[in-house]
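Novice: What shape does this take:
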Amino acid sequence: MRKLLILALTPLALLAACGGGGGGSINNTPPPPPTQQIATPGPPNVETLTVDGGPVQSLNTAFITLTVCVHNTTTCVQVDHVEVDTGSSGLRILNEVIPNLPLGILTTNGGMTIAECLPFADGVSFGPVAVADVSFHDSQKTLSAVNIQVIGAQGYTVPSTCLSEGPKVEDTVAAFGANGILGVGPFLQDCGTACENEVGNGITGAYYTCATPATCADASATLAQQVPNPVALFGSDNNGVIVELPAVGNGGTSGVTGALVFGIGTEGNNGLGSATVLFEDGSGFISANYKGTSFPQGYIDSGSNINFLDDSTLTVCQNDAQFFCPSSAQNLSATLMGVGGTTVTANFTVADANPFITPPLTLFAVPVLAGPSLDTSHRSFDLGLPYFYGRNVYQAIENQTTPAGAGPYFAF
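Specialist: The predicted model follows:
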């Protein structure tokens, strides 16, 4: 299962400036045409989506606000700056933003608590699975008794098999880059049938049972025990989402407001229109051809805050190799192909990251940021949130019926 989230590795105000040349001129005029329609937040299916830097000045991170409640009570906490991630499934909240909310922890029949390790591309997040009621701020959709992960819950020790999945533990807001994450990706659960028999499938570092919070061991988890994609649990508008963000000029801006739309073809505001549909394979991938090289693991991921490219011709920043710093802006393209052969050309621009990561930071929506792929096998091609500006990007959920057929697929 693909689980990717690339957040700022530290608060970006602390990053060193890039080297790499004089930098090309950057046109700050948003790209035409002005035909994009962004849905109005409100019932029955639209949430306000904001890119504004969030709690720790993260670049290109899209947030919503929701409310988490103890099941069947009015004991609740409103949580803002929850990142929207089309590359993972499930709702996860940092314990430090709900420290006094007495959520019930999910347990096995034997009374052990259930916990999860979620590996992202830049680290791991560990914590117990809790049961909560969740309400969405603008659409007024609600979920009752849904499994969520509480990251960094007090007393839980990160197991060694979890630590081996990533370079660092992200169990605080400062490390994680958001107050939580709403995974609205292609899958119904965050692990699915593979984790129903972890031992038999040779899986470690996923689900755990804990005799005490300090003694957690790898274990299987039934589908009912796993953290589900919340969208699939809605009574309606439950077959996918659309991430709608307005165009941003190449010079960046302090922030933008768009919409997270629930459902595809279920309301008057979420039809496919003329969008090209790219069906994903069973792992959630399409393929990409970039500069003559084929990448079988392509995806469009709102949880990646830059575009990740396997391209040795682009100059990396001298003092921060996670970004590209070409001497002039590069207008690039890739051919994306879905299962079944449908193709579409994806155009994007990569420019010198230096102006955007040099403190003090004032620009948080920046469409020209990219960096070297973190995939050492040279198979992946990741268009992150920079590619979403000026587009309505659809993510259909597996096995859910839509006007284009059952998901999973991307469309834009």
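Novice: So for the chain, the centremost residue is which one?
Specialist: Nearest to the mean C-alpha position of the chain, by C-alpha atoms, centre = their mean, lies Asp85 at 2.2 Å.
Novice: Burial check on the nearest residue to that residue once chain neighbours are set aside, number of neighbours?
Specialist: Leaving aside its sequence neighbours, Asp85 sits nearest to Gly303 (C-beta to C-beta, 6 or more residues apart in numbering; 3.3 Å). Quick note: C-beta positions are derived from backbone N, CA and C, even for glycine. The number of residues packed near Gly303 is 28, by other C-beta atoms under 10 Å.
Novice: Quick check: phi and psi on Gly303?
Specialist: Taking degrees, to the nearest 10, you get phi -80, psi 0 for the backbone angles of Gly303.
Novice: circling back: for the residue nearest to the centre of the chain, give the beta-bridge partners.
Specialist: Asp85 has these beta-bridge partners by DSSP bridges: Gly183.
Novice: For Ala219, see how far away Phe388 is.
Specialist: 37 Å (C-beta to C-beta, to the nearest Å).
Novice: Those two: who's more crowded?
Specialist: For Phe388 versus Ala219, the count of surrounding residues by other C-beta under 10 Å is larger for Phe388: 26 against 18.
Novice: The residue lying closest to that one once chain neighbours are set aside: what's it in contact with?
Specialist: Using C-beta to C-beta, 6+ apart and skipping residues adjacent in sequence, the residue nearest Phe388 is Leu245, 5.0 Å away. Residues near Leu245 by C-beta atoms under 8 Å, 6 or more residues apart in numbering: Ile38, Leu49, Val51, Ala62, Val256, Gly258, Ala365, Leu385, Phe388, Tyr389, Gly390, Arg391.
Novice: To what extent is Gly235 buried, counted in neighbours?
Specialist: 8.
Novice: Also His71?
Specialist: 14.
Novice: same question, Val131
Specialist: Neighbour tally, Val131, other C-beta under 10 Å: 16.
Novice: sorry, back to before: the residue nearest to Asp85 contacts Arg92, doesn't it?
Specialist: No. Using C-beta atoms under 8 Å, Gly303 makes no contact with Arg92, being 11.6 Å away.
Novice: Overlap in contacts, these two.
Specialist: The contact lists of Gly303 and Arg92 share Ile181, Gly183, where a contact means C-beta under 8 Å, 6+ apart.
Novice: give me the beta-bridge partners of the residue nearest to Phe308 when sequence neighbours are not counted?
Specialist: Among residues not flanking Phe308 along the chain, Asp382 sits closest, at 4.0 Å (C-beta to C-beta, 6+ apart). According to DSSP bridges, the partner residues bridging Asp382 are Tyr299, Phe308.
Novice: Would you mind measuring from Asp382 to Ile306?
Specialist: For Asp382, the distance to Ile306 - C-beta to C-beta - is 9 Å.
Novice: do the same with Leu94
Specialist: In terms of C-beta to C-beta, Leu94 sits 22 Å off from Ile306.
Novice: Please apply the same query to Cys162.
Specialist: Distance from Cys162 to Ile306, by C-beta to C-beta: 26 Å.
Novice: So which of the two has more stuff around it?
Specialist: More crowded of Cys162 and Ile306, by other C-beta under 10 Å: Ile306, with 27 against 24.
Novice: pLDDT score assigned to the closest residue to that one other than its chain neighbours?
Specialist: Closest residue to Ile306 in three dimensions, ignoring its sequence neighbours and counting by C-beta to C-beta, 6+ apart: Leu369, at 4.3 Å. We have a pLDDT of 98 for Leu369.
Novice: correct me, but Leu369 touches Asp352?
Specialist: No. Using C-beta under 8 Å as the test, Leu369 is too far from Asp352 to be in contact (9.7 Å).
Novice: Name the residue in the two with the higher neighbour count.
Specialist: Asp352 (27 against 24).
Novice: Ramachandran angles for the nearest residue to Asn201 once chain neighbours are set aside?
Specialist: Spatial nearest neighbour of Asn201, excluding adjacent residues (C-beta to C-beta, 6+ apart): Ala194 at 5.3 Å. Dihedral angles of Ala194 (phi, psi; degrees, to the nearest 10) stand at phi -60, psi -30.
Novice: Cross-check the contact I'm expecting between Ala194 and Thr204.
Specialist: No. Taking contacts as C-beta under 8 Å, Ala194 lies outside contact range of Thr204: 11.9 Å.
Novice: what's next to stretch 207-222, contact-wise?
Specialist: So stretch 207-222 is contacted by 108, 112-117, 128, 153-157, 159, 161-162, 191, 195-199, 203-206, 225-226 (C-beta under 8 Å, 6+ apart).
Novice: which of the residues you listed are buried?
Specialist: Among these, those buried by neighbour count (16 or more other C-beta atoms under 10 Å) are 112-117, 128, 153, 156, 159, 161-162, 191, 195-196, 198, 203-206, 225-226.
Novice: Report the residue spans of the stretch 151-300 of the chain with pLDDT below the cut-off.
Specialist: The stretch 151-300 of the chain contains no residues with pLDDT under 70.
Novice: need the helices for it, in chain order.
Specialist: Applying DSSP state H, counting those that start in this stretch to the stretch 151-300 of the chain gives helices spanning 160-163, 173-176.
Novice: Include distance to His81 when you put those helices into CSV, please.
Specialist: Output for these, formatted as CSV (distance: least, C-beta to C-beta, whole Å):
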stretch, distance to His81
helix 160-163, 25
helix 173-176, 9
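Novice: and among those helices, the most buried is which?
Specialist: Compared across these, helix 173-176 shows the largest average neighbour count, a mean of 20 (mean count of other C-beta atoms under 10 Å).
Novice: Give me the distance between that helix and the centre of its chain.
Specialist: 15 Å (C-alpha atoms, centre = their mean, to the nearest Å).
Novice: Which strand or helix spans the residue lying closest to Asn269 once chain neighbours are set aside?
Specialist: Spatially, and ignoring its direct neighbours in sequence, Asn269 is nearest to Ala39 (4.4 Å; C-beta to C-beta, 6+ apart). According to DSSP states H and E, Ala39 maps onto no helix or strand at all.
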